[in-house]
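> I'd like to go over a predicted model; first the sequence, then the structure.
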Amino acid sequence: MIDGDRVVLGSLNWNEQAATVNREVVVVLHGTAVADYFGRVFERDWDGGKPSVPLGIVAAVVGALVIAGLAARRVRFAS
């Protein structure tokens, strides 16, 4: 993030070879919403990248496991 309004995003290695010889991809994104988002992402990564899982995904996985458990109880195999 440059100044709270611009974000440089890409794969550029910040050296002379990369900037003049290699094929590198860099874009500059403008806007405070973009800068705020990438600022939060950077801070999270810098702090150790503690992942967060949305509550809806956790609920869906738990629900699927409960349904699978109930279905498994009803399945009987003949011997």
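Sure thing, it's come through. Numbers count the residues shown, from 1 in each chain.

> any idea of the mean pLDDT for stretch 6-21?
Averaged across stretch 6-21, pLDDT comes to 84.

> longest helix anywhere in this structure?
Ordering each helix of the chain by length in residues (DSSP state H) puts helix 55-74 first.

> in it, what counts as buried?
For helix 55-74, the neighbour count (16 or more other Cβ atoms under 10 Å) marks no residue as buried. To be clear about C-beta, it is placed using only N, CA and C from the backbone, and glycine gets the same treatment.

> How far does it sit from its chain's centre?
In terms of Cα atoms, centre = their mean, to the nearest Å, the centre of helix 55-74 is found 25 Å from the chain centre.

> Convert stretch 18-38 to CSV, retaining C-alpha atoms only.
Below are the C-alpha coordinates for stretch 18-38, written out as CSV (Å, rounded to 0.1, in the frame of the first residue of the first chain):
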residue,chain,number,x,y,z
ALA,A,18,13.2,-8.0,-12.7
ALA,A,19,12.2,-4.5,-13.7
THR,A,20,14.1,-4.4,-17.0
VAL,A,21,14.5,-7.9,-18.3
ASN,A,22,12.0,-10.3,-16.7
ARG,A,23,8.3,-10.5,-17.5
GLU,A,24,6.7,-9.3,-14.3
VAL,A,25,3.1,-8.3,-13.6
VAL,A,26,2.3,-5.3,-11.5
VAL,A,27,-0.9,-3.2,-11.3
VAL,A,28,-1.7,-0.1,-9.3
LEU,A,29,-5.2,-0.2,-7.8
HIS,A,30,-6.8,3.1,-6.7
GLY,A,31,-9.4,3.8,-4.0
THR,A,32,-9.6,3.9,-0.2
ALA,A,33,-11.8,0.7,-0.1
VAL,A,34,-9.1,-1.2,-2.0
ALA,A,35,-6.3,0.3,0.1
ASP,A,36,-8.3,-0.6,3.3
TYR,A,37,-8.8,-4.2,2.2
PHE,A,38,-5.2,-4.8,1.2
